[in-house]
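Visitor: coords below, sequence missing:
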């Protein structure tokens with residue numbers, strides 16, 4: 001995805017997540033929302049893929 005589009009989405013999502021009404025709705029639904037983006041998000045996703053990929057491989061887990 002082109003960088004300007006990613007940046008615009010990140011900016012708009014970050015603004016929305018700061019809305020008190022939306023924050024309340026998320027809390028009521030038990031959702032924890034975070035506006036992590038850019039390189040930080042990429043590092044997080046890579047670490048999660050590595051961690052859970054190992055779990056799947058080690059356990060032989062399969063989707064139902």
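Guide: Cool, the structure landed. Keep in mind it's a predicted model, so treat the numbers as computed, not measured. Numbers count the residues shown, from 1 in each chain.
Visitor: burial of residue 6, as a residue count?
Guide: Counted with other C-beta atoms under 10 Å, the neighbours of residue 6 add up to 13. Yep, even glycine has a C-beta here, placed from its N, CA and C like the rest.
Visitor: Could you check how far it is from residue 39?
Guide: Separation of residue 6 from residue 39 (C-beta to C-beta, to the nearest Å): 11 Å.
Visitor: next SSE after the helix or strand of the chain with the lowest mean pLDDT?
Guide: Here the helix or strand of the chain ranked lowest by mean pLDDT, DSSP states H and E is helix 3-17, holding a mean of 89. Next helix or strand after helix 3-17 toward the C-terminus (DSSP states H and E): helix 20-28.
Visitor: The least confident helix or strand of the chain vs helix 20-28, what angle?
Guide: 80 degrees (axes from the mean of the first three to the mean of the last three C-alpha atoms, to 10 degrees).
Visitor: ok now helix 3-17, how far from the chain's centre?
Guide: 13 Å (C-alpha atoms, centre = their mean, to the nearest Å).
Visitor: Which neighbouring elements make contact with it?
Guide: For helix 3-17, there is no helix or strand it packs on, judged by 3 or more C-beta pairs under 8 Å, 6 or more residues apart in numbering; DSSP states H and E.
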